[in-house]
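> Got a predicted structure here, sequence first:
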Amino acid sequence: MALEIVGGAAVGAVFEKLLEAVVDARNKATQFDSSLEKLENRLTFIKSCILQVEKLNDQLDRPKEEMEKLVRILKDGEKLIRKCSNVSCCNNLMKKWRYASKIDALDDSLLKLFQVDLLSQMEILAIFKSDRFSLISNRGVSHKYENLGSCEASDPPALLVGLDVPLIELKRRLLKDDHHESRIVVSAPGGCGKTTLAKSFCQDKQVKEYFEHIWYVTVSKAFDLIGIIDKLYWHNEEQVPVFQNEEDAVNQLELMLKKKLQYGGRILLVLDDVWCGAESVLVKFMFQMQGYKVLVTSRNEFPGFGSTYNLKLLNEEDARNLFCHSAIPQGRTGSSMPTEDLLNKIVRQCKGFPLALEVVGRSLHGQPVEIWKSTLMKLCEGQSIVNYEDEVRNCLQSSLDALRNHKDIILKECFMDLGSFPEDQKIPVTALIDIWADLHKLDEDGVHAISNLHKLRSRNLLNLVLTRNGANENDGWYNDAFVTQHDLLRDLAIHQSNQEPIHKRKRLILDLTGNRLPHWWSNEKQLQLSARLVSISTDEMFSSSWPNMQIPEAKVLILTFNHTQNKYELPEFMKRMYKLKVLIVTNYGFCISELTNFSLLGSLCKLKRMRLEKVSIPTLCNTITELKNLEKLSLVMCHKIGQAFASSTTQIPEMLPNLREINIEYCNDLVELPDGFCDLVRLDKLSITNCHKLSALPEEIGKLLNLEVLRIHACTRVSKLPDSIGSLKKLSVLDITGCLRIRNMPKRIGELQSLREFQMRKCGGLRELPSSVTDLVELERVICDEETAQLWDCFTHLLPNLTLSVPEEVINLNWL
């Protein structure tokens with residue numbers, strides 16, 4: 001029997017009794033000393049594993065009966081050892097041999113249990129802890145910690161050049177059992193490979209053997225001390241305390257570190273990408289403890305915190321190897337190859353910066369020699385720039401010029417738009433699809449948007465992360481797809497956007513610190529701006545007092561904030577944004593903030609797409625009379641959705657007469673769909689994902705006669721689909737992946753005459769399919785797991801167009 005997730009204090013108590021019995025027996029029955037010593041070592045070795053499984057079981061509230069096998073072995077073992085304690089040295093040899101054999105058999109049973117059951121279970125629990133699809137919301141932990149993510153370093157790139165010496169040096173200085181050098185700051189300009197070095201260090205075999213705990217945190221510009229400590233607690237499966245202030249948080253962290261070190265495991269804390277001005281916060285991590293060490297990466301030096309290791313640029317040989325890996329296709333020879341002189345000159349112009357070498361190399365990959373020569377000429381024109389950052393920008397500029405000359409001129413515009421999102425934050429692909437559909441007239445389903453992202457990724461201008469193979473590009477669902485970008489590339493996009501005078505810029509990107517506004521905005525005489533995309537980011541010090549702004553041409557408004565205030569007020573100047581079509585509001589803080597001043601949305605008569613993330617919206621519909629042109633509404637980690645629509649004095653169909661798509665994700669207080677949703681007759685897409693308190697769909701869902709896509713994805717409490725689903729004659733995609741409690745399909749499911757794709761992975765409770773599935777004559781693809789596939793075996797011969805797809809579940813944790 002495979003060991004299930006277990007729990008209950010009884011497990012630890014029984015384990016301790018056995019361990020106590022072994023220790024007592026060693027003091028009494030010396031004739032079994034070798035066997036008892038081996039058993040005691042075994043118990044000590046597996047103790048932490050058992051206690052960790054027990055603790056997670058308590059958090060997941062699993063029944064104690066699932067631990068019967070281990071409890072039985074432990075209890076029987078205690079009885080055996082107690083008997084051994086009473087065996088005197090005068091007993092016959094046969095009896096001694098029999099007891100010694102039983103002790104060895106007990107040791108073998110514990111070893112087998114650990115190797116087969118406990119280790120397998122620990123892997124499962126690790127997925128439960130890290131996977132977004134997990135049931136964290138059912139653990140009784142506050143919702144605000146669900147998105148803290150992992151503190152594990154992701155894998156570095158496959159090809160590493162120029163890091164052998166730095167790795168050896170860091171190991172020489174940090175893998176020592178002394179206090180002489182417990183804190184090191186790796187310092188270098190942006191784009192030199194500091195993060196790659198830190199990740200390589202964390203993944204090094206010697207480092208992983210030396211440190212029991214390796215915690216990796218990306219800090220970036222906004223150094224949120226309490227947020228980092230929250231994340232460390234969450235990663236270590238500790239109950240996250242409610243800290244009174246930063247001093248309390250630091251004191252609590254010190255206690256947790258001492259607790260970890262008490263059990264003999266060394267700790268490495270990596271703080272990646274720490275910005276200038278963070279000295280006062282950085283010193284909070286200067287704990288004097290044996291076995292605790294800190295590695296920091298930064299563009300700056302912090303001599304008051306720790307010793308500095310200056311990461312050098314690549315030498316010519318390493319630079320050339322890295323560049324050729326990106327620029328020269330394997331097996332390419334002949335006249336189309338650039339000359340050694342041309343190649344070396346371009347490499348030298350990249351100044352040894354790894355990022356510049358990779359990006360410029362990729363832009364020349366497989367290109368004719370003439371483009372190589374043109375690139376060299378452009379790079380040489382920027383020799384007067386002496387600042388390191390500017391040199392990198394100058395190198396990367398040639399890649400942007402290549403985008404401008406690309407047959408798809410929109411590609412560079414898409415790259416420039418990425419600078420509109422905050423640094424070091426994942427950019428949802430669905431948000432980019434919304435923006436580009438109106439700003440660049442790309443298709444609303446995202447086909448061209450995804451194509452452009454792949455093109456930009458192939459040039460190393462961004463990273464496209466699919467968190468699981470469930471992010472299916474075949475059916476246009478990209479909710480689990482994100483874009484990340486190196487901060488230097490973001491700087492480049494912003495630098496390019498800011499070349500025009502403020503009133504002529506196509507993009508207005510404002511990253512506000514506190515209440516410090518740019519001078520042109522605080523002047524009494526207001527400029528009329530021509531920006532079509534406006535992005536405003538504020539931090540926790542912003543007072544939410546918005547000055548006036550005239551931006552009549554704006555089509556896209558991105559508002560992002562990161563503060564601890566309970567409310568966030570939409571700016572009044574939005575009332576005069578008469579051409580606005582896309583509104584994105586995102587809270588990057590740890591606490592939910594209530595969004596206010598919704599009444600001004602009534603002035604936005606052209607608004608088509610609205611995305612709200614991590615905000616509370618109780619007054620959304622109470623202050624809006626009508627959004628007659630709104631076509632898509634996305635609510636991510638939002639609260640009080642039911643209250644928002646229930647409090648409206650206007651009927652939902654009257655308020656949103658042209659709404660075609662609704663996406664609701666990670667909304668943990670959503671128990672049922674708001675009344676009126678099923679009266680949105682134009683609705684063709686309804687997606688509800690990871691809403692773990694949603695228990696059922698309304699029977700009235702059959703009224704959505706134009707619905708083409710229905711996703712009830714990872715809604716773990718949904719136990720059935722309404723029979724009225726058979727009325728959805730246009731439904732082509734049905735997704736119930738992760739609906740663990742669904743046992744039966746509705747009998748009328750066979751009436752879905754347009755159904756082409758049925759996704760039903762991780763539906764472990766499903767027991768049978770109705771015979772009416774044989775009427776699904778248009779069904780082409782069922783995506784399921786092996787157990788569910790067996791339910792279809794008796795029907796496949798009656799559905800000649802059907803293909804059963806059983807993909808291997810691949811979970812990408814690098815996005816955390």
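Looks like it arrived, so ask away. Numbering: from 1, shown residues only.
> tell me the pLDDT at residue 316?
Residue 316 is assigned a pLDDT of 93 by the prediction.
> can you check residue 717 too?
On the pLDDT scale, residue 717 gets 94.
> Export only the CA atoms of stretch 35-54, formatted as PDB.
Output in PDB follows, covering the C-alpha atoms of stretch 35-54 (Å, rounded to 0.1, in the frame of the first residue of the first chain):
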ATOM      1  CA  SER A  35      21.700  -4.200  15.700                       C
ATOM      2  CA  LEU A  36      20.200  -1.600  18.000                       C
ATOM      3  CA  GLU A  37      22.800   1.000  17.000                       C
ATOM      4  CA  LYS A  38      22.000   0.400  13.300                       C
ATOM      5  CA  LEU A  39      18.300   0.700  14.100                       C
ATOM      6  CA  GLU A  40      18.800   3.900  16.100                       C
ATOM      7  CA  ASN A  41      20.700   5.400  13.200                       C
ATOM      8  CA  ARG A  42      17.900   4.500  10.900                       C
ATOM      9  CA  LEU A  43      15.300   6.100  13.000                       C
ATOM     10  CA  THR A  44      17.300   9.300  13.400                       C
ATOM     11  CA  PHE A  45      17.800   9.400   9.600                       C
ATOM     12  CA  ILE A  46      14.100   9.100   8.700                       C
ATOM     13  CA  LYS A  47      12.800  11.200  11.600                       C
ATOM     14  CA  SER A  48      12.700  14.600   9.800                       C
ATOM     15  CA  CYS A  49      11.000  13.000   6.800                       C
ATOM     16  CA  ILE A  50       8.200  11.500   9.000                       C
ATOM     17  CA  LEU A  51       7.700  14.700  11.000                       C
ATOM     18  CA  GLN A  52       7.500  16.700   7.700                       C
ATOM     19  CA  VAL A  53       4.900  14.400   6.300                       C
ATOM     20  CA  GLU A  54       3.000  14.600   9.600                       C
END
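> What residues of that stretch count as buried?
Buried residues in stretch 35-54, counted by 16 or more other CB atoms under 10 Å: 35, 36, 39, 40, 42, 43, 46, 50, 53, 54. Every residue, glycine included, has its C-beta placed from N, CA and C.
> So which of these sit within helices?
Counting by DSSP state H, these place 35, 36, 39, 40, 42, 43, 46, 50, 53, 54 in helices.
> any idea how far the fourth one is from residue 107?
Computed as CB to CB, to the nearest Å, the residue 40 to residue 107 distance reads 10 Å.
> and the end-to-end length of stretch 238-254?
Criterion CA to CA, to the nearest Å; first-to-last residue distance in stretch 238-254 is 14 Å.
> and what of stretch 328-341?
Note: stretch 328-341 ends 15 Å apart using CA to CA.
> can you pull the pLDDT of residue 677?
At residue 677, the predicted lDDT confidence score is 89.
> list the contacts for it?
Residue 677 is in contact with 645, 652, 662, 683, 686, 698, counting by CB atoms under 8 Å, 6 or more residues apart in numbering.
> Out of those residues, the closest to residue 252 would be?
Nearest to residue 252 among the contacts of residue 677: residue 645, at 39.9 Å, using CB to CB.
> so that closest one makes contact with residue 680?
No: with contact defined as CB atoms under 8 Å, residue 645 does not reach residue 680; the gap is 11.2 Å.
> okay, the two: which has more neighbours?
Neighbours were tallied for residue 645 and for residue 680 using other CB atoms under 10 Å; the higher tally belongs to residue 680 (23 against 20).
> Would you mind stating the distance between that one and residue 321?
Distance of residue 680 to residue 321, computed by CB to CB: 58 Å.
> again, but for residue 451
For residue 451 relative to residue 321 (CB to CB), the value is 31 Å.
> What ranges in the stretch 701-816 of the chain fall below the confidence cut-off?
809-816 (pLDDT under 70).
> Which residue ranges of it form helices?
786-792 (DSSP state H, counting those that start in this stretch).
> And the stretch 351-500 of the chain, by the same measure?
Taking DSSP H, counting those that start in this stretch as the criterion, the stretch 351-500 of the chain contains helices spanning 354-363, 369-380, 388-404, 410-417, 429-439, 447-458, 487-497.
> So which bits of the second one are buried?
Judged by neighbour count using 16+ other CB under 10 Å, the buried positions of helix 369-380 are 371, 372, 374, 375, 376, 378, 379.
> ok, back up a step: now, which of the buried residues of stretch 35-54 sits nearest residue 500?
Using CB to CB, the buried residues of stretch 35-54 come closest to residue 500 at residue 53, 59.5 Å.
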